[in-house]
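Here is the input, now give the coordinates:
(one chain, ligands or ions: 2)
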Amino acid sequence: MFKVLVSDPISDLGISLLVEASDISIDKKTGLSEDELVAIIGNYDALLVRSQTRVTERIMNAGKQLKVIGRAGVGVDNIDLDAATKRGIIVINAPDGNTITTCEHTFAMMMAVARHIPQAYLKTVGGEWDRKSFVGVELRNKVLGVLGMGRIGSEVGARAKAFGMEVLGYDPFLTEERAEKMGVRKASVEDIIAEADFITVHTPLTPETRHMIGKEQFAKIKKGVRIVNCARGGIIDEQALVEAINAGQVAGAAFDVFEEEPPAPDHPFLSHPKIIVTPHLGASTIEAQENVAIDVSEQLLHILRGEPFKNAVNMPPVAADVLAKLEPYFSLGSKLGSFAAQIAEGPVKEISVTYAGELADVDTQQLNRHVVAGVLAHHLGSDQVNVVNAMHLAKNRDVNVVIVKSHASKGFTNQVSVTLRTDKEERLVAGTLLNGFGPRITQIDKFPVDVEPQGHVLLISHDDKPGIIGRVGTLLGTRDVNIATMQVGRKIVGGAAIMVLGVDKGVTKPILGELTALPDLHNAKEVQLY
Ligand SMILES: NC(=O)C1=CN([C@@H]2O[C@H](COP(=O)(O)OP(=O)(O)OC[C@H]3O[C@@H](n4cnc5c(N)ncnc54)[C@H](O)[C@@H]3O)[C@@H](O)[C@H]2O)C=CC1
Ligand SMILES: O=C(O)CCC(=O)C(=O)O
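Ligands and ions are numbered 1, 2, ... in the order given. Model prediction:
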């Protein structure tokens, strides 16, 4: 039974998938302090949050069984990602579910600031009939500058055109072709500052975007511009904005987000007549909250159940078609890594993974992680290593990871070869997926073999001499070790050879010692593959 803690208000309907799952027990405890979370998080396998809970390193340290943190929304700035990655905790978000809702809120804010709606409302319900103070501007024929043309920014751009606005878009990933397709003009930040009548920001808050509109930009900004921020507090310098409004440079602003949330009661935005605010409501619709909760619950279930998942924030993204090609190799990759780690003597200095055949043309980042995790888990423990922290752990331990791609696959559609270089030796284990037969180890060091990577495997190196197979069989038989499968590999008659035995149970160290003492036999190792 997996235990899930929901620590922020999240749509009941959205998490019904978790509530109804027979292998999940779910607790809802919202509004907890960091200390309170630290005290209870050790009982949980998964934590589900929105934006209120700050998931700190302290909480993760206390979450001894914590495997996944799900964020029902886009921004994960309330989660210490580095700490999660170090601990192998997968962080997932729900990036698509609140796009339209936030885009619509942006429009609500843009229109509200253009037409002074909150200010007019307040006066009207206060008994005043003031029609002179609230003369607004149209959106039609105005220039809208969109900083950040991702999911939300693109939707804002599309809707702005319906209002008859000219849209200037800036995003480091916006190409001329994409801009043209969307009917927006690709622009620089400077173009937007100089030309836009309305500016809206839709980037994450990063060192690069922090205060991307600040004092310097306000000095050059088009007079009378209106600014909207429904992304993250801090992208626009709050202090500089107030000064620019007071100087008459900026006509008004609409903010859903703040550098510090909630803002202090004396925050200048809260009393400024030309600034309208909402309390981080961008994603707050029934539809969006259901969508993000459904998305994140689905992925959370996949992760807890050990199934393939998407939207991991602390792992490289992978396209669905690429994932479909890689997924069948995940288990093989980690078993090859584990096999190599179990037979190699000495501390690992380098893990080299060669992809041959069709895999050579695929972005294998996810598969690389499975191989590296397979190697490291042997040394560090499978509870300490997973695909999230594998690369981080390798780097921390100065283990070089080398990826080689080759189209020559020795007759297999695909072959994955893992070579471990230690300070003592170099060992290679290669494998493939055989159509209709499943995974196979196809090579160990220089010897071609055909071995199912499963259960207890005995790897014996010996001279290719008559009688050796019988001696091994007899010894194992007298020690009650049943041989299920046997493979012998050699390069030349009478030369060095290996024997790979599938055995039904673990082989003890004394038996391995007895095997090694047999004539013409050099080494016997047991490899466990699960
Ligand atoms: N107010 C609210 O309740 C909500 C806020 N958000 C926030 O809105 C923002 C945008 O969300 P999405 O569109 O879903 O994200 P996204 O990841 O689809 O788009 C962000 C875009 O910003 C661009 N970007 C990054 N650095 C940039 C820079 N220096 N200059 C210009 N563009 C840059 C990226 O290339 C990307 O295209 C995020 O910060 C998210 O957390 C999202 C949902 C609700
Ligand atoms: O959960 C929320 O309401 C905040 C949404 C948000 O800011 C995001 O998804 O980035």
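
what's the next secondary structure element after the host helix or strand of residue 336?
Element membership of residue 336, judged by DSSP states H and E, is helix 330-343. The C-terminal neighbour of helix 330-343 among helices and strands, as given by DSSP H and E, is strand 348-357.

so which helix or strand takes in residue 378?
helix 365-380.

Now do the buried residues in that helix.
Of the residues in helix 365-380, 366-378 count as buried by neighbour count, 16 or more other Cβ atoms under 10 Å. All C-beta spots, glycine's among them, are computed from the backbone N, C-alpha and C.

ok, now how distant is the closest residue to residue 326 other than its chain neighbours from residue 337?
Excluding the flanking residues, the one nearest residue 326 by Cβ to Cβ, 6 or more residues apart in numbering is residue 367, at 4.9 Å. Residue 367 sits 10 Å away from residue 337, going by Cβ to Cβ, to the nearest Å.

Let me see the mean pLDDT of the one helix or strand residue 297 maps to.
According to DSSP H and E, residue 297 maps onto helix 286-304. Taken as a whole, helix 286-304 has a mean pLDDT of 96.

helices and strands around the helix or strand that that helix is followed by, which ones?
For helix 286-304, the following helix or strand on the C-terminal side (DSSP H and E) is helix 320-326. Helix 320-326 sits against helix 365-380, with contacts defined as 3 or more Cβ pairs under 8 Å, 6 or more residues apart in numbering; DSSP states H and E.

Measure how the helix it packs on sits relative to strand 348-357, angle-wise.
Here helix 365-380 runs at an angle of 150 degrees relative to strand 348-357 (axes from the mean of the first three to the mean of the last three Cα atoms, to 10 degrees).

List the buried residues of the following helix or strand past helix 365-380.
Toward the C-terminus, helix 365-380 is succeeded by helix 390-396 as the next helix or strand (DSSP H and E). For helix 390-396, a neighbour-count test (16+ other Cβ under 10 Å) marks 390, 391, 392, 393, 394 as buried.

Residues touching the next helix or strand after helix 390-396, excluding its own?
Downstream of helix 390-396, the next assigned helix or strand under DSSP H and E is strand 400-406. For strand 400-406, contacts defined as Cβ atoms under 8 Å, 6 or more residues apart in numbering pick out 349-356, 359-361, 364, 368, 372, 391, 394.

Strand 400-406 pairs with which strands?
Here strand 400-406 has these sheet partners by DSSP bridges: strand 348-357 (parallel).

ok, residues contacting the strand it pairs with?
By Cβ under 8 Å, 6+ apart, the residues outside strand 348-357 that reach it are 333, 337, 341, 362, 364, 367-368, 371-372, 375, 379, 394, 398-410, 412-423, 430.

Over to stretch 499-516?
Against stretch 499-516 from outside (Cβ under 8 Å, 6+ apart): 441, 444, 449, 451-452, 454-460, 462, 468-469, 472, 475-476, 479, 481-489, 521-526, 528.

Measure how buried whichever residue of the stretch 201-350 of the chain sits closest to ligand 2 is and give me the count.
Closest contact between the stretch 201-350 of the chain and ligand 2, by Cβ to the nearest ligand atom, is at residue 283 (3.7 Å). Neighbours of residue 283 under the rule other Cβ atoms under 10 Å: 24.

Pretty sure it sits against residue 289.
Yes. Judged on Cβ atoms under 8 Å, residue 283 makes contact with residue 289 at a distance of 7.1 Å.

which residues are in contact with both of these two?
residue 98.

List the buried residues for stretch 52-62?
Buried residues in stretch 52-62, counted by 16+ other Cβ under 10 Å: 53, 55, 56, 59, 60, 62.

Of those, which is the nearest to residue 129?
residue 53 (45.2 Å; Cβ to Cβ).

Could I get the phi/psi values of the residue of the stretch 201-350 of the chain found nearest ligand 1?
Ligand 1 sits closest to residue 282 of the stretch 201-350 of the chain, with a gap of 2.4 Å, by Cβ to the nearest ligand atom. The phi/psi pair for residue 282 (degrees, to the nearest 10) reads phi -50, psi -40.

which residue sits closest to it in space, ignoring its chain neighbours?
Closest residue in space to residue 282, ignoring its immediate chain neighbours: residue 102 at 4.1 Å, by Cβ to Cβ, 6+ apart.

Contacts only, for the one you found.
Each residue near residue 102 by Cβ under 8 Å, 6+ apart is listed here: 152, 230, 282, 283, 288.

and what of residue 154?
By Cβ under 8 Å, 6+ apart, the contact set of residue 154 is residue 182.

Figure out the helix or strand that it lives in.
helix 151-162.

Measure how far that helix is from the centre of its chain, please.
26 Å (Cα atoms, centre = their mean, to the nearest Å).

Now it: buried residues?
151, 152, 153, 154, 155, 156, 157, 159, 160.

Same check on stretch 264-271?
267, 268, 269.

packing partners for the helix holding residue 297?
Judged by 3+ Cβ pairs under 8 Å, 6+ apart, helix 286-304 is in contact with strand 2-6, helix 16-20, strand 46-49, strand 68-71, strand 90-93, helix 99-115.

Which residue is the nearest non-sequential neighbour of residue 109?
Distances taken as Cβ to Cβ, 6+ apart put residue 254 closest to residue 109, at 3.7 Å, once the chain neighbours are dropped.

In a strand, that neighbour, correct?
Yes. Assessed with DSSP: H, G, I helix; E, B strand; the rest coil, residue 254 lies in a strand.

Please work out how many residues are found near residue 423.
Burial measure for residue 423: 9 neighbouring residues, criterion other Cβ under 10 Å.

Contacts only, for it.
Residue 423 is in contact with 346, 347, 349, counting by Cβ under 8 Å, 6+ apart.

And the residue of the stretch 51-200 of the chain that's closest to ligand 1?
Residue of the stretch 51-200 of the chain nearest ligand 1, by Cβ to the nearest ligand atom: residue 150 (1.8 Å).

ok, that residue touching residue 171?
Yes. If you go by Cβ under 8 Å, residue 150 and residue 171 touch, sitting 6.8 Å apart.

got any residues that touch both of these two?
residue 203.

At the contact with ligand 1, which residues of the protein appear?
Proximity of the chain to ligand 1, by Cβ under 6 Å from any ligand atom, involves residues 73-75, 95, 98-99, 102, 147-153, 170-173, 202-204, 206, 208-209, 230-232, 256-257, 280, 282-283.

just checking, which of these belong to strands?
Among those, the residues falling in strands (DSSP state E) are 147, 170.

and the contacts of strand 348-357, which are buried?
Taking 16+ other Cβ under 10 Å as the criterion, what is buried in those is 333, 337, 341, 362, 364, 367-368, 371-372, 375, 394, 399, 401, 409, 412, 414-422, 430.

For stretch 101-112, buried residues please.
Neighbour counts over stretch 101-112 (16+ other Cβ under 10 Å) mark 101, 102, 103, 104, 105, 106, 107, 108, 109, 110, 112 as buried.

For those, could you give me TSV that also reports distance to residue 82 and pLDDT?
Output for the buried residues of stretch 101-112, formatted as TSV (distance: Cβ to Cβ, whole Å; pLDDT from 0 to 100):
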residue	distance to residue 82	pLDDT
101	30	98
102	26	98
103	30	98
104	34	98
105	30	98
106	30	98
107	35	98
108	35	98
109	33	98
110	35	98
112	38	98
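
of these, closest to ligand 2?
Out of these, the member with the shortest distance to ligand 2 (by Cβ to the nearest ligand atom) is residue 102, at 7.3 Å.
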